[in-house]
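Colleague: Using only what follows, build the 3D model:
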Amino acid sequence: MLVAHSAHAERGLHGGVGAGSTFVLSGSEGDRFRYDVIVDLKPRSRYGVVLAWRAFDQDRRGLVTAGLVYEGAAARPRLVLDLHVDVGADLDRPAPLAGGGVRATLTVIGPLGVAFDLASYLVLDGIDDSRLQLQSNAVLVARW
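Modeller: Numbering: from 1, shown residues only. The predicted model follows:
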């Protein structure tokens, strides 16, 4: 008798920490090259949380976001594709935001890799000052 079972590997706490540069495609209000810092944690599953400080530089305080992350696909240990949804605030003006994106992480040597993220955030700042901020980043990450 043949019985098909799905294979589930025991997964402990996993995630990553990264920092790198951001290119703000729209809604930049001036300079387009900024920085990002990202932390994501997935406790024993494909679902987890992501915390980030996005699109900041010496002149702008940027966006602070928190949200959910889902590991949509993986070819472990080399490639991971994550989807994320975020809420947060624009620190330069007290305005809430919501958005999300997709991040591909390519592990290069051991736990070190490069993550590429494409995301969009709707910053709600009244009728005239609300904006859609599209951004892309390249971040050096340490994954475990």
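Colleague: Please count neighbours and contacts with C-alpha atoms only from this point.
Modeller: OK.
Colleague: Could you list the low-pLDDT ranges of the protein?
Modeller: By pLDDT under 70, the low-scoring segments of the chain are 1-10, 28-29.
Colleague: Which stretches in it count as strands?
Modeller: Secondary structure of the chain by DSSP state E: the strands cover 13-26, 33-43, 47-56, 63-75, 79-90, 95-109, 112-123, 131-143.
Colleague: can I get these in TSV with mean neighbour count?
Modeller: Listed next are the strands of the chain as TSV, based on neighbours: other C-alpha atoms under 10 Å:
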stretch	mean neighbour count
strand 13-26	18
strand 33-43	19
strand 47-56	20
strand 63-75	18
strand 79-90	19
strand 95-109	19
strand 112-123	20
strand 131-143	20
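Colleague: Looks like Val64 contacts Val39 (just checking).
Modeller: No. The pair Val64 and Val39 does not pass the contact test of C-alpha atoms under 8 Å, sitting 11.9 Å apart.
Colleague: Please identify every residue contacting each of these two.
Modeller: Residues touching both Val64 and Val39 (C-alpha atoms under 8 Å, 6 or more residues apart in numbering) are 51-52.
Colleague: which residues touch Thr105?
Modeller: 78-81, 113-116.
Colleague: Then Asp57?
Modeller: 34-35.
Colleague: what about 10 Å?
Modeller: Neighbouring residues of Asp57 by C-alpha atoms under 10 Å, 6 or more residues apart in numbering: 21-22, 31-36.
Colleague: Tell me how far it lies from Glu71.
Modeller: Here Asp57 is placed at a distance of 29 Å from Glu71 (C-alpha to C-alpha, to the nearest Å).
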